[in-house]
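A.B. asks: Here is a sequence with its predicted model. Questions after.
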Amino acid sequence: MTLSIEHARGVSELEDASAEEILAWTYAAHSRVALVASFQVESGVLIDLACRVTDHPDVLTIDTGRLPEETHEAMEMFRRRYPIALHVLTPDPDGVATMTLEHGPLLFRRSPELRQRCCDVRKARPLAHALRTYDAWITGVRRDQTPERAAFPVIAADPHHGGITKVAPLAAWSNADVQEYVVEHRVPRHALYGRGYTSIGCAPCTRATAADEDPRAGRWWWENGAAKECGLHHRPLTEEDE
Ligand code: SF4
């Protein structure tokens, strides 16, 4: 089931609803829902909330092959703590082999275009392929994370993933809201937050940030002016996702 006219009535009412209400609607209105997690703090909040409104939610995460070990440890912490069905997606090995044969294993340092190609092969394509079997997906995106996310809708049909419903229950949350929830509900935290990281992705593309830096300054820090996005939210569907 994708976002329909009937759903739209409920959608406008949910724009100002709580994250828990938005999640409850999502699971009630769709039969196959994927919660997509990177195991940053927003993922933790969503998993904690989802487990309050549904049984054994499907959690999808992308193991790009370049993740820090701490992210695998975070996956394991959440698996033990919450009754989730964790699906670890991996990139197509032939796609990775072709890319690295052509451009080398550190292609992402050479240009924004090659970095985006790496993100596409390692992240966006595996997710696009997996979402073909779902009616809705949930993301931890917040509007104040990047300029590109400033108008991110809470609920919308996702043209980049076959028109399924895309839900961002934390769109209007601030970082302080997230931190408060994590403390109050004792949600597990990725270990790299304790080492100065404020946004966490693949190991070679993420560094700790200084107190006066933007929280996403540690992502692809060598790029000047390029959007700090990996393409999960803007990538068009291609035949390679079939
Ligand atoms: S974050 Fe870096 S290593 Fe990970 S997929 Fe993107 S470019 Fe490749």
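C.D. replies: Yep, it's here. Residues are numbered from 1 along each chain as shown.
A.B. asks: contacts and neighbour counts: CA atoms only from here.
C.D. replies: OK.
A.B. asks: and the protein, which residues reach the ligand?
C.D. replies: On the criterion C-alpha under 6 Å from any ligand atom, the ligand has as its neighbours in the chain the residues Thr64, Arg66, Phe108, Arg115, Cys118, Cys119, Arg122, Lys123, Gly201, Cys202, Cys205.
A.B. asks: Filter those down to the ones in helices?
C.D. replies: The subset of the residues of the chain next to the ligand located in helices under the criterion DSSP state H comprises Arg115, Cys118, Cys119.
A.B. asks: which of the residues you listed tops the neighbour count?
C.D. replies: Cys118 (23 neighbours; other C-alpha atoms under 10 Å).
A.B. asks: In contact with the nearest residue to it once chain neighbours are set aside: list those residues for me.
C.D. replies: Residue nearest to Cys118 in three dimensions, not counting chain neighbours: Phe108, with 6.5 Å by C-alpha to C-alpha, 6 or more residues apart in numbering. When the contact criterion is C-alpha atoms under 8 Å, 6 or more residues apart in numbering, the partners of Phe108 are Leu114, Arg115, Gln116, Cys118.
A.B. asks: Tell me which two in those are the farthest apart.
C.D. replies: Taking every pair in the contacts of Phe108 and measuring C-alpha to C-alpha, the maximum separation is 6.2 Å, between Leu114 and Cys118.
A.B. asks: any shared contact partners between the two?
C.D. replies: Leu107, Phe108.
A.B. asks: any weak-confidence spans in the protein?
C.D. replies: Counting by pLDDT under 70, the chain has low-confidence residues at 1-10, 226-227, 231, 234-242.
A.B. asks: all helices of it, in order?
C.D. replies: Listed in chain order (using DSSP H), the helices of the chain are 5-14, 19-29, 41-53, 69-81, 93-103, 112-119, 125-131, 175-184.
A.B. asks: Pull the fifth one out as PDB, backbone CA atoms only.
C.D. replies: As requested, C-alpha coordinates have been extracted for helix 93-103 and formatted as PDB (Å, rounded to 0.1, in the frame of the first residue of the first chain):
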ATOM      1  CA  PRO A  93      29.900  -7.100  -4.600                       C
ATOM      2  CA  ASP A  94      30.300  -6.800  -8.400                       C
ATOM      3  CA  GLY A  95      29.300  -3.100  -8.200                       C
ATOM      4  CA  VAL A  96      31.900  -2.500  -5.600                       C
ATOM      5  CA  ALA A  97      34.600  -4.400  -7.500                       C
ATOM      6  CA  THR A  98      33.900  -2.600 -10.700                       C
ATOM      7  CA  MET A  99      34.000   0.800  -9.000                       C
ATOM      8  CA  THR A 100      37.200   0.100  -7.100                       C
ATOM      9  CA  LEU A 101      38.900  -1.400 -10.200                       C
ATOM     10  CA  GLU A 102      38.100   1.700 -12.100                       C
ATOM     11  CA  HIS A 103      38.800   4.400  -9.500                       C
END
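A.B. asks: So which other helices or strands are in contact with that helix?
C.D. replies: Under the contact definition 3 or more C-alpha pairs under 8 Å, 6 or more residues apart in numbering; DSSP states H and E, helix 93-103 sits against no other helix or strand.
A.B. asks: Now the one residue in the chain that gets nearest to the ligand. Nearest residue, chain neighbours left out?
C.D. replies: As assessed by C-alpha to the nearest ligand atom, the ligand sits closest to Cys119 within the chain, at 3.6 Å. Ranked by C-alpha to C-alpha, 6+ apart and with sequence neighbours excluded, the top spatial neighbour of Cys119 is Cys230, at 5.6 Å.
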